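Sequence first, predicted coordinates after that:
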Amino acid sequence: MPYELTFSQRYRYDSRLEGITIPVVLRAGAETIDLLAKIDSGASDCLFERDYAEALSLPIEDGVRKTFTTANSRFEAYGHELSIAVLSIEVTSIVYFFADPGITRNVLGRRGWLDRICFGLVDYDRTAYLDAYDR
């Protein structure tokens, strides 16, 4: 028996960029910032550049400190609650900002984003499909 999925949003991503890159809007209070982030199902959390926290007027070190460990590195980040909007789907979650201003990567991970949406991917067509989880 075949399964059928429906999504309210579709996004054709640029295959010339590394990873699956998608536009994101972060909102903290009245402050917003537009950026590009990678969808990463292997990332435990959402992580963003320190400069974006500063642009949102967040007191970075007042956030929840967390140490992340990868296969080849270890780094610190600070968590803050804010809104993430992707293709008009907005969720509120704890996201982390790198303590090190030299790290210039933005990642939409499992906790805080993927666990709040329905997500489909047809990489052959360079197309991501999204919908709110509470539909």
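All right, it came through fine. Residues are numbered from 1 along each chain as shown.

For residue 30, see how far away the residue positioned nearest the centre of the chain is.
Most central in the chain under Cα atoms, centre = their mean is residue 108, positioned 2.3 Å from the mean C-alpha point. According to Cβ to Cβ, to the nearest Å, residue 108 stands 23 Å off from residue 30. (C-beta placed from N, C-alpha, C; glycine too.)

Run a quick check on the residue nearest to the centre of the chain versus residue 44, I expect a contact.
No - Residue 108 lies out of contact with residue 44 (Cβ atoms under 8 Å); the separation is 11.7 Å.

Poorly predicted segments of this structure, please.
Along the chain, segments meeting pLDDT under 70 span 135.

quick one, strands of it?
Applying DSSP state E to the chain gives strands spanning 9-12, 21-28, 31-39, 47-48, 64-69, 74-86, 89-98, 107-108, 117-122, 127-132.

Now distance to residue 2 too, for those strands, in CSV please.
Below are the strands of the chain laid out as CSV (distance: least, Cβ to Cβ, whole Å):
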stretch, distance to residue 2
strand 9-12, 20
strand 21-28, 28
strand 31-39, 25
strand 47-48, 37
strand 64-69, 39
strand 74-86, 28
strand 89-98, 26
strand 107-108, 29
strand 117-122, 15
strand 127-132, 17
